[in-house]
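> just coords:
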């Protein structure tokens with residue numbers, strides 16, 4: 001229940017609670033349901049009002065209690081947290097309605113008292129939802145009004161809510177520390193209601209309105225300023241109006257303390273006027289090799305001197321290249337679907353960076369992996385970038401699906417080993433003597449028009465694959481007679497096939513048949529990976 005003030009001073013105000021039976025609803029000078037209520041009662045229940053003067057659709061992140069129809073309202077400040085009055089908090093159900101009229105119920109539990117900075121506890125409490133509310137529900141958490149100094153808030157026009165899901169007007173008049181009975185000293189702001197003069201929309205809180213929020217407009221969006229704590233009434237002298245004072249816990253005063261409590265969950269209060277920062281992402285990895293362990297480090301950097309808050313990153317990997325694990329020191333990581341990672345951290349210091357590493361125990365047998373990175377923070381726009389990372393083919397990847405994987409194995413029984421199939425473009429799972437483009441897997445020797453040619457296919461990326469094709473020459477075929485030195489009269493050339501065979505070139509050794517010496521030619525395959 002909303003306490004009532006018994007005495008007021010510039011520093012400390014002593015309050016006592018309202019007696020039972022005084023609970024009601026936010027009072028508005030010229031109350032009109034069409035002008036002041038957030039919802040209308042349609043045939044299917046509450047619907048967002050389109051006639052409220054403060055634009056009800058802006059306040060979808062204000063939830064309301066469903067227990068016993070008490071209707072008190074809660075300001076969502078992160079996808080998982082609301083701020084409320086400690087003296088009036090309890091577990092229950094809070095309901096949110098988005099602009100399309102869809103409703104979402106969450107259990108709510110008091111979780112963290114907010115210290116008052118003078119050795120006690122303020123009347124502000126952080127309450128946690130059983131499940132997040134946010135992007136999927138089309139509801140965005142509310143920022144708080146962050147101005148340069150306390151004095152900057154004076155005369156700010158407010159939109160203030162009560163337990164009845166209605167809202168009215170107020171204006172910040174002054175600030176004070178108050179200390180109701182049983183509540184620690186709390187910094188508050190005051191907005192006043194005069195019974196005889198003022199705007200038709202002017203409002204004052206009554207019993208039961210405790211904890212409901214108060215906002216100011218910033219960047220055409222509601223920004224949280226306070227939650228109701230206490231009221232007082234000054235009887236008017238003859239011919240003088242009665243003055244009703246409303247005291248709200250001043251949220252900006254506690255922003256740093258609240259942020260410290262939220263940080264372990266990866267959140268901060270959202271400033272209405274964030275410091276502009278620049279975030280950039282990069283993915284610089286060592287070469288990825290098919291079927292070998294590998295990793296993709298993704299760095300996010302804050303290139304400005306100011307701290308970035310509520311830093312978010314979304315990583316998406318293709319279904320054919322799901323990481324075995326993701327290491328993200330300092331980040332909260334969620335994995336809502338295969339290949340999708342949602343990361344958050346409360347802050348990133350200026351001129352700092354953080355690296356997230358996706359690891360593979362065995363890199364997929366693909367030619368490349370595209371990683372999509374989406375990032376944002378309170379002070380930087382949402383930006384996306386796609387990193388196309390090549391994956392080097394390997395012999396291990398070539399035989400990954402085979403039961404017989406050794407270089408000398410011949411699982412398809414076509415007379416060519418796995419290594420020969422790999423080097424010359426064959427298929428180790430198909431019994432065939434032909435490779436890519438229809439060329440023979442065996443080197444070809446032709447004597448024609450007085451010239452002998454010996455040719456074979458060679459991969460154009462042989463060096464990257466760790467493949468070596470060594471042409472050897474011998475005059476006797478003796479074991480130790482082979483040499484890689486090209487004999488006089490021989491020429492060795494490499495040229496594209498005609499028609500072209502993707503990934504291969506034709507290597508040819510040529511010498512005249514009339515040469516007096518006998519010559520034997522072979523190609524020796526060596527693999528290093």
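The structure has been received and is ready for your questions. The structure presented is a predicted model; accordingly, all values stated were derived computationally and were not measured.
> tell me if I'm right that residue 351 and residue 306 touch.
No. Applying CB atoms under 8 Å as the test, residue 351 and residue 306 come out as separate, 9.4 Å apart. Using the backbone N, CA and C atoms, a C-beta is placed for each residue, glycine as well.
> nearest residue to residue 505 in space, please, no chain neighbours.
residue 494 (5.0 Å; CB to CB, 6 or more residues apart in numbering).
> in the sheet, who's paired with the one you found?
residue 507 (DSSP bridges).
> domains of the chain?
The chain breaks down into these domains under automatic domain parsing: 3-265, 279-392, 418-527.
> out of these, which is closest to residue 403?
domain 418-527 (10.1 Å; CB to CB).
> what pLDDT, on average, does that closest one get?
What domain 418-527 shows for mean pLDDT is 92.
> how far does that domain sit from its chain's centre?
53 Å (CA atoms, centre = their mean, to the nearest Å).
> so where do the strands sit in the stretch 401-529 of the chain?
444-448, 451-459, 467-474, 491-496, 504-512, 520-527 (DSSP state E, counting those that start in this stretch).
> deepest of the domains of the chain, which one?
Of all those, domain 3-265 carries the top mean neighbour count, a mean of 19, counting by mean count of other CB atoms under 10 Å.
> did I read that right, residue 118 in a strand?
No. Looking at residue 118 with DSSP: H, G, I helix; E, B strand; the rest coil, it is coil, so not inside a strand.
> that one reaches residue 186, doesn't it?
No. Residue 118 is not in contact with residue 186 according to CB under 8 Å; the separation is 10.1 Å.
> quick one: contacts for the nearest residue to residue 145 once chain neighbours are set aside?
Nearest residue to residue 145, sequence neighbours excluded (CB to CB, 6+ apart): residue 223, at 3.9 Å. Contact analysis of residue 223 by CB atoms under 8 Å, 6 or more residues apart in numbering lists 142, 143, 144, 145, 215, 216, 217, 272.
> kindly report the same for residue 401.
Contacts of residue 401 by CB under 8 Å, 6+ apart are 365, 429.
> which residues of the stretch 301-450 of the chain fall in helices?
For the stretch 301-450 of the chain, helices defined by DSSP state H, counting those that start in this stretch occupy the ranges 395-398, 418-424.
> which residues touch stretch 481-494?
458, 470-475, 505-512, 515, 517, 519, 522.
> what do you get if the cut-off is 7 Å, keeping everything else the same?
458, 470-475, 505-512, 515, 519 (CB atoms under 7 Å, 6 or more residues apart in numbering).
> kindly report the same for stretch 73-83.
Under CB under 7 Å, 6+ apart, the answer for stretch 73-83 is 61-64, 84, 94, 108, 124, 126-129, 132-134, 141-142, 144, 161, 163, 165, 212-213, 224, 227, 251, 262, 265, 267, 269.
> phi and psi next, for the closest residue to residue 472 other than its chain neighbours.
Distances taken as CB to CB, 6+ apart place residue 482 nearest to residue 472, at 4.3 Å, with adjacent residues excluded. Dihedral pair for residue 482: phi -80, psi 140, per degrees, to the nearest 10.
> can you check residue 226 too?
Residue torsions, per degrees, to the nearest 10, at residue 226 are phi -160, psi 170.
> that one against residue 251, yeah?
Yes. Residue 226 lies in contact with residue 251 (CB atoms under 7 Å); the separation is 5.6 Å.
> who touches stretch 56-71?
Contacts for stretch 56-71 (CB under 7 Å, 6+ apart): 38, 48-49, 72-76, 82, 92-99, 139-142, 161, 163-165, 213, 221-222.
> I should have written stretch 435-446 there, sorry.
416, 420-421, 424-426, 433-434, 453-457, 497, 501, 504, 523.
> same check, this time on stretch 25-33
Under CB under 7 Å, 6+ apart, the answer for stretch 25-33 is 36, 161-164, 166, 168, 198, 200-206, 209.
> re earlier: distance to residue 439 for the helices of the stretch 301-450 of the chain - can I get that in JSON lines?
Listed next are the helices of the stretch 301-450 of the chain as JSON lines, based on distance: least, CB to CB, whole Å:
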{"stretch": "helix 395-398", "distance to residue 439": "18"}
{"stretch": "helix 418-424", "distance to residue 439": "8"}
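> between the ones you listed, which one is closest to residue 367.
In terms of CB to CB, the element of these nearest to residue 367 is helix 395-398, at 10.1 Å.
> for the record, mean pLDDT for that closest one?
97.
> next one: stretch 223-239
pLDDT averaged over stretch 223-239 gives 82.
> what sits closest to residue 329 if chain neighbours are left out?
Using CB to CB, 6+ apart, the closest residue to residue 329 is residue 354 (7.6 Å).
> surely the one you found is in contact with residue 327?
No. Counting by CB under 7 Å, residue 354 does not reach residue 327; the two are 11.3 Å apart.
> pull up the overlap in contacts between these two.
In contact with both residue 354 and residue 327: no residue, using CB under 7 Å, 6+ apart.
> thinking again about what came up before, so which of the domains of the chain comes closest to residue 406?
So among the domains of the chain, domain 418-527 is nearest, using CB to CB, at 6.8 Å.
> OK, contacts around the nearest residue to residue 521 once chain neighbours are set aside?
Excluding the flanking residues, the one nearest residue 521 by CB to CB, 6+ apart is residue 454, at 4.4 Å. For residue 454, the contacting residues are 443, 445, 509, 521, by CB under 7 Å, 6+ apart.
> could you rerun that using 6 Å?
By CB atoms under 6 Å, 6 or more residues apart in numbering, the residues touching residue 454 are 445, 509, 521.
> excluding its backbone neighbours, what's nearest the second one?
Spatial nearest neighbour of residue 509, excluding adjacent residues (CB to CB, 6+ apart): residue 454 at 4.5 Å.
> follow-up on the earlier one: residue 476 versus the residue nearest to residue 521, what's the distance?
Going from residue 454 to residue 476 by CB to CB, to the nearest Å gives 17 Å.
> list the contacts of residue 331.
So residue 331 contacts 343, 345 (CB under 6 Å, 6+ apart).
> list phi and psi for it.
According to degrees, to the nearest 10, residue 331 has phi -110, psi 150.
> pLDDT wise, what is it at?
Residue 331 is given a pLDDT of 98.
> just to revisit the earlier point, closest one of the contacts of residue 454 to residue 280?
residue 509 (51.9 Å).
> where's the closest one relative to residue 188, distance?
Taking CB to CB, one finds residue 509 at 92 Å from residue 188.
> could you do residue 118 as well?
Taken as CB to CB, the span from residue 118 to residue 188 is 14 Å.
> now swap in residue 523 and tell me
For residue 523, the distance to residue 188 - CB to CB - is 87 Å.
> hmm, back to that, let's see which of the contacts of residue 223 end up in strands.
Among the contacts of residue 223, DSSP state E puts 215, 216, 217 in strands.
> and the nearest residue to the first one once chain neighbours are set aside, bridged to which residues?
Which is residue 215. Distances taken as CB to CB, 6+ apart put residue 222 closest to residue 215, at 4.0 Å, once the chain neighbours are dropped. On the basis of DSSP bridges, residue 222 is bridged to residue 217.
> likewise the one 4 residues further on?
Using DSSP bridges, the beta-bridge partners of residue 226 come out as residue 250.
> quick one: it and residue 215 touch, right?
No. Residue 226 lies out of contact with residue 215 (CB atoms under 6 Å); the separation is 8.8 Å.
> next one: the spatially closest residue to residue 267 that is not a sequence neighbour from residue 337, what distance?
Distance criterion CB to CB, 6+ apart; nearest residue to residue 267, sequence neighbours excluded, is residue 78 at 4.1 Å. Here residue 78 is placed at a distance of 22 Å from residue 337 (CB to CB).
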